[in-house]
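Chemist: This is a predicted model, with the sequence first.
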Amino acid sequence: MTQTDTSLDDLEIEDPSHGISGQSDPDNRYLRYVVIALSVAFASIFLYTAGFGIFDLYIQRSLFLLFTLVLIFLLYPVTDTVYGYFVDGGLIALAIVSNGYIIMNAEAVARRHGIPEGPEIILGTILVLLIFEASRRCIGWVLTVLCLVFIGYARFGSYLTGYWGHRGYTFEEIVAYLYMTSEGIWSFPVGIASTYIITFVIFGAFLLKSGIADLFTNLAMRIAGRVTGGPALIAVITSSLFGTVSGAAPANVATTGSVTIPMMKSIGFRNDFAGAVESSASAGGLLMPPIMGAAAFLMVEFTGIPYREIILAATIPAFLYYLGIGSSVYFVAKRRGIGSWDAQSIKERYPSPREEITTRGHMLIPFLLLIYLIFEGWAVTTAAFWSLLLAVGVSWLTKPTRMMPRDVIMSLDDGSRKTLEIAMACAAAGIIYAIVNMTGLGTKFASVMLGAAQLHIMLALAGIMIGCIILGMGLPATVAYLITAAVAAAGLEQLGFATLNAHLFIFYFAILATITPPVGLALYTAAAIASSNWLTTGIEGLKLTFVGFIIPYIFVFDGTLLAQGTLANILLVAGVATVGTVSIAAGLNASNLGSVKRFGLIAAGIGMYYPSYLTYSLGLVLFVFLSWDYIVGVVNARPSIDLFENRE
C-alpha cells in the first residue's frame with residue numbers, strides 16, 4: 001500500500017472532558033461552594049503534613065478518611081432527589097461521628113490496641129459499612145464484595161476443614177481489629193494514601209493546570225507527527241507522560257484518549273487498534289518513573305526499600321515496554337500504508353519545539369527538582385511539597401503558564417477529587433490486608449507456592465501472574481498489587497527471589513491486568529472512546545504489550561534489567577534487550593513475513609531477553625540474518641527513509 005500524508009485540517013477533535021468519571025457536582029450552588037471549600041481544605045491540610053510533618057498516626061489517617069467519605073457522599077450522590085440529600089446527609093453525619101471518635105480518642109485507642117470499650121464496636125461497624133458503601137459508589141461492587149468475602153472467611157473459617165481452615169473470629173473481634181488497631185482500617189494502605197498519594201496527585205494537578213499537558217502534546221506533535229504512524233506515536237508519548245503524573249490508567253485513558261484516539265482513527269488506524277494503543281500506553285504510565293502511581297508507594301512500605309531505588313530499578317523495563325509499543329505502531333503503520341501528517345499542517349497548527357520550550361519548558365523544573373531531591377535522600381512527600389511550591393513560583397515566568405489564585409484553588413480542588421477513588425481503594429484494601437494477617441492466609445498461600453515450586457518454579461510464578469491479573473480485571477491496580485503482595489510476596493522471597501524483584505513482578509501484572517481481556521478497566525474505557533469491540537481491542541493490546549509480559553519473568557530471576565550489577569553488564573543487557581524488543585515487535589506486526597520468518601523474529605527477540613550470553617549471541621545473529629534485506633534497504637535509501645520524511 002502507498003503511504004499518504006494527512007492534513008490536520010481534516011481532523012476534528014472534541015476537547016477532552018476535565019471532569020472525573022462518576023462524580024457529579026451538586027445542583028445547589030451553595031452546596032457546590034461547600035464541596036470546593038472542603039476539597040481545598042482537604043488538600044491544604046495534607047499538603048501541610050507533607051511539608052512539615054504528619055499528625056499522630058490515628059489522627060492523620062482518620063482525618064484523611066473522614067474527608068474522603070464526606071466528599072464521596074457529596075460527589076457520588078445516591079440520587080438527585082430530596083430523599084437522596086437526606087440519605088447522604090445521614091451518611092456524612094455517621095462518617096463524622098465514627099472518624100471523629102478516633103480523632104478525639106487517638107491516644108486511648110493506641111494504648112488499648114484492639115480492646116474495645118463503650119460504643120466502639122457499634123462505631124467500628126458503622127465505619128466498615130460506610131467504607132463498603134463509598135467503595136461501591138466510586139469503584140463498583142467488585143471491591144465491596146471482595147471485602148465481604150474476606151470478612152466472611154475470618155468469621156466462618158472455623159467451619160472449613162483441612163488446610164484453609166482457622167480458629168475463626170467473632171464479629172466483635174473482627175470489628176475491634178479493624179477499627180481499634182493500626183493493623184486494620186488505619187494500617188499502611190490508608191497511611192500511604194494520606195501521605196504519598198494525595199501529595200503526588202495534587203502535585204500532578206498543579207503541573208497539569210500550569211500547562212505542562214500542552215508542552216507534552218505540542219512537543220509530541222512536532223517530533224512524532226511527521227513519522228510514519230505519527231498520531232499513534234503521539235498517543236504513546238503523551239500517555240506515558242500523562243500517566244506518570246496522573247497515576248491511574250483508566251483516568252489517563254479518559255483524559256488523553258479523547259484526543260489521541262480520534263487522531264489515530266483520522267489517519268487510517270482501525271478503531272480497535274487505536275483503542276489498544278491508548279490503553280496500553282496509558283497503563284504503562286504507572287510503570288514510568290518517577291511517580292509510577294499509588295502502588296509504588298505501597299511497595300515502599302511493604303519492602304522498606306527507598307523510593308529512589310524503586311524508580312531506578314523501574315527505568316529500563318519502562319523504556320523497553322514503551323519501545324515495544326512504539327515499534328509495533330511503526331510496523332503496523334507500514335503494513336497498512338499509513339503515513340504521517342504533512343509538515344506544513346503541523347507547522348501551522350503547533351509551535352516549534354524551541355518556541356514551546358521557551359514558553360512552557362520551565363514547568364519541567366519542578367519535575368527535575370523532585371527527581372533530584374528524591375535521589376538526594378529527601379523524604380518523598382517533602383520533596384513533592386517543595387517541588388509543588390516551585391511549580392507555582394516558576395509558572396509566573398511566562399503568561400501562558402501563570403497560575404493565578406483561582407488556578408491554585410482549582411488545582412487543590414482537582415487534586416482532592418482525583419484522590420478519592422484511590423483513597424477509597426486503599427481503605428477497602430486495608431480491610432482485606434487486615435484479614436489476611438488475622439487468619440494467616442498469607443502464610444498458607446506461601447506454603448502452597450512452595451509446594452508448587454517443587455514441581456516447577458514457573459508454576460508458582462504463573463499462578464501469581466494469573467491471580468494478579470484476575471484481581472486486577474475488576475479492581476484498581478493499587479488494590480490488585482496490595483492483595484497479591486500480601487498473600488504471595490513472602491512466598492516468592494522464601495523461594496529465593498530478591499524482595500524488590502518479587503514485588504516488581506507482582507506490580508507489573510497488577511498494572512497489565514487493567515488492559516487484559518476479558519475485563520480490564522483501562523481497556524473498557526479505551527474501547528468505549530474508540531467505539532470498538534472490547535475483545536478485539538484487548539487482543540491488539542496484548543500484541544502491543546507482549547514484551548511487558550516477558551520482562552517480569554526475566555528480572556525476577558536476573559536483576560540486571562533492574563539496574564542491579566555492574567554498569568557494563570547493565571548496558572550490555574539493556575542494549576541487547578532493546579534489539580530484542582524491536583525483533584519481537586517486527587515478528588508480531590511487520591508485513592510481508594512468512595510464518596517461519598515471523599516466528600524466527602519472535603524467537604530471536606525472546607532469546608535476546610533470556611539471561612545467557614549464548615542466547616544473546618544466537619538471538620542477535622538470527623535477528624540480523626532474518627532482517628538483513630530490510631537493513632540493507634534502509635542503508636541504501638537513507639536520504640528518503642520515511643522515518644525522517646518531511647523534515648524541515
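Modeler: Okay, I see it. Residues are numbered from 1 along each chain as shown.

Chemist: measure the residue nearest the centre of the chain to G53 for me?
Modeler: Centroid-nearest residue in the chain: L286, 3.3 Å away (criterion: Cα atoms, centre = their mean). To G53, L286 is 29 Å away according to Cβ to Cβ, to the nearest Å. From N, CA and C alone the C-beta is placed, and that goes for glycine too.

Chemist: hang on, the earlier thing: count residues in the vicinity of the closest residue in space to the residue nearest to the centre of the chain that isn't next to it in sequence, would you?
Modeler: Using Cβ to Cβ, 6 or more residues apart in numbering and skipping the chain neighbours, the partner closest in space to L286 is G293 (3.8 Å). The criterion is other Cβ atoms under 10 Å. On that basis, G293 has 30 neighbouring residues.

Chemist: Against G191, how distant is G293?
Modeler: Here the criterion is Cβ to Cβ. By it, G293 lies 17 Å from G191.

Chemist: now T516
Modeler: Distance check for T516 against G191: by Cβ to Cβ, it reads 30 Å.

Chemist: again, but for T514
Modeler: 24 Å.

Chemist: Compare those two (neighbour count), which wins?
Modeler: Neighbours per residue (other Cβ under 10 Å) separate T514 from G191, with T514 holding more: 30 against 22.

Chemist: In contact with that one, which residues are there?
Modeler: Shown in contact with T514 (Cβ atoms under 8 Å, 6 or more residues apart in numbering): A249, P250, S279, A283, G472, A477, G520, L521, A522, L523.

Chemist: in a strand, that's where I357 is, yeah?
Modeler: No. In this structure, I357 is helix, not part of a strand, as judged by DSSP: H, G, I helix; E, B strand; the rest coil.

Chemist: how about it, what does it touch?
Modeler: Contact analysis of I357 by Cβ under 8 Å, 6+ apart lists L215, L219.

Chemist: same check, this time on V35
Modeler: Applying Cβ under 8 Å, 6+ apart, we find V35 in contact with D25, P26, L71, L74, L75.

Chemist: Just give me the neighbour total for the last one.
Modeler: Spelled out, it's L75. With other Cβ under 10 Å as criterion, L75 counts 22.

Chemist: do the same with the second one
Modeler: The number of residues packed around P26, counting by other Cβ under 10 Å, is 17.

Chemist: So it: helix, strand or coil?
Modeler: Secondary structure assignment for P26 (three-state DSSP): coil.

Chemist: For it, which non-adjacent residue is closest in space?
Modeler: R32 (5.3 Å).

Chemist: again with the fourth one
Modeler: If you skip the residues right next to it in sequence, L74 has V35 as its closest partner in space, 5.3 Å away by Cβ to Cβ, 6+ apart.

Chemist: Surely that neighbour is within a strand?
Modeler: No. Counting by three-state DSSP, V35 falls outside a strand, being helix.

Chemist: How confident was the prediction at it?
Modeler: For V35, the pLDDT comes out at 94.

Chemist: Would you check how far apart it and I92 are?
Modeler: 12 Å.

Chemist: do L130 as well
Modeler: 9 Å.

Chemist: Give me the three-state assignment for the closest residue in space to I54 that isn't next to it in sequence.
Modeler: Leaving aside its sequence neighbours, I54 sits nearest to Q60 (Cβ to Cβ, 6+ apart; 4.9 Å). Going by three-state DSSP, the secondary structure assigned to Q60 is helix.
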